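Enquirer: starting from these lines, generate the structure:
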Amino acid sequence: MKILLIRHGDPDYENDTLTPKGWHEAELLADRVEKLDIAAFYVSPLGRARDTASVTLKRMGRTAETLDWLQEFPARMVDPDIGVERVAWDWLPATWTAEDAYFDRQAWMHTPIMERSNVPEIYASVCEGVDALLSRHGYVRQGNMYRAERPNRDTIALFCHLGLECAVISHMLGLSPMVMWHGFCAAPTAVTTMITEERRPGAAFFRVNGFGDISHLYTAGEAPSFSARFCETYTCPEERHD
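Expert: So this is what the prediction gives:
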């Protein structure tokens, strides 16, 4: 089984849709996805993901099921640097890396900052959503792996968001989401592919075979959007610092 985790196009966050560049990226993404045999499409309820998916769905004459847990990871915590709430997946590196617990798959959610937030609760709901969806497609969570009750070679596509995608991968691979949220970046319309590895009958693990692939943009000569990245060096004033 293959899972395609697809980030939305370049976002117009204010209006929860896409910028003109984002719509063009969605067209280039559709050039790629429409050639694939997709068993089922799923989409976040947020506009920027739905708009991105709409281009592919229209071309293929398909529909997508909306799953509320696919929305951008909404949980918030109080940033210890500035004393105000912010999303859990956007801390200064010097802050979160100073706490070893954030590198641990279990301990990360039991720090004082996390326990005062709704992050663990929202994360648990995402994990439940992932496992329920995979169960529908024949793979049932069993410990740290999945029981292949109906082994298959289907492909499903999930149009979603970077923070959510990292939470999903962290659960499926048994990693701290803090490492995924702050250590991985996928540009708009990037495609991440996870494929089952069934080396024993009935026992499956999902392996990431490609993270944040934007070859459809490069093939068309389209530069990737900067969204989700930060300054490459501190002396780049035109790039995001905060």
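Enquirer: residue ranges of the helices in this protein, please?
Expert: Residue ranges of the helices in the chain, as given by DSSP state H, are 20-33, 47-60, 93-96, 112-115, 119-136, 162-173, 177-183, 215-219.
Enquirer: which residues of the protein score low on pLDDT?
Expert: Within the chain, the stretches falling below the threshold (pLDDT under 70) are 241.
Enquirer: with adjacent residues omitted, what lies nearest to the spatially most central residue of it?
Expert: For the chain, residue 165 is the residue whose C-alpha lies nearest the centre (Cα atoms, centre = their mean; 1.4 Å). If the residues on either side of it in the chain are set aside, residue 165 comes closest to residue 5, at 4.6 Å by Cβ to Cβ, 6 or more residues apart in numbering. C-beta coordinates here come from the backbone N, C-alpha and C atoms, glycine included.
Enquirer: any idea how far the one you found is from residue 14?
Expert: 25 Å (Cβ to Cβ, to the nearest Å).
Enquirer: out of these two, which sits in the busier spot?
Expert: A direct count of neighbours by other Cβ atoms under 10 Å for residue 5 and residue 14 places residue 5 higher, at 26 against 6.
Enquirer: pick the most deeply packed of the helices of the chain.
Expert: The densest packing among the helices of the chain, expressed as mean neighbour count by mean count of other Cβ atoms under 10 Å, is seen in helix 162-173 with a mean of 23.
Enquirer: counting neighbours, what do you get for residue 203?
Expert: For residue 203, the tally of surrounding residues (other Cβ under 10 Å) stands at 15.
Enquirer: just residue 90 next, same as before
Expert: Close neighbours of residue 90, defined as other Cβ under 10 Å, add up to 13.
Enquirer: residue 229 too?
Expert: When neighbours are counted by other Cβ under 10 Å, residue 229 comes out with 12.
Enquirer: measure it to residue 222 for me?
Expert: The span separating residue 229 from residue 222 equals 16 Å under the rule Cβ to Cβ.
Enquirer: quick one, what contacts the closest residue to residue 128 other than its chain neighbours?
Expert: Take residue 128 and drop its neighbours on the chain: the residue closest to it by Cβ to Cβ, 6+ apart is residue 69, 7.8 Å away. If a contact means Cβ atoms under 8 Å, 6 or more residues apart in numbering, then residue 69 has 125, 126, 128, 129, 130, 164 as its contacts.
Enquirer: ok, of those, which one's closest to residue 26?
Expert: Within the contacts of residue 69, proximity to residue 26 (Cβ to Cβ) peaks at residue 164, which comes in at 18.0 Å.
Enquirer: from residue 53, how far off is that closest one?
Expert: 14 Å.
Enquirer: equivalent analysis for residue 201, please.
Expert: From residue 201 over to residue 53 the distance is 35 Å, taken as Cβ to Cβ.
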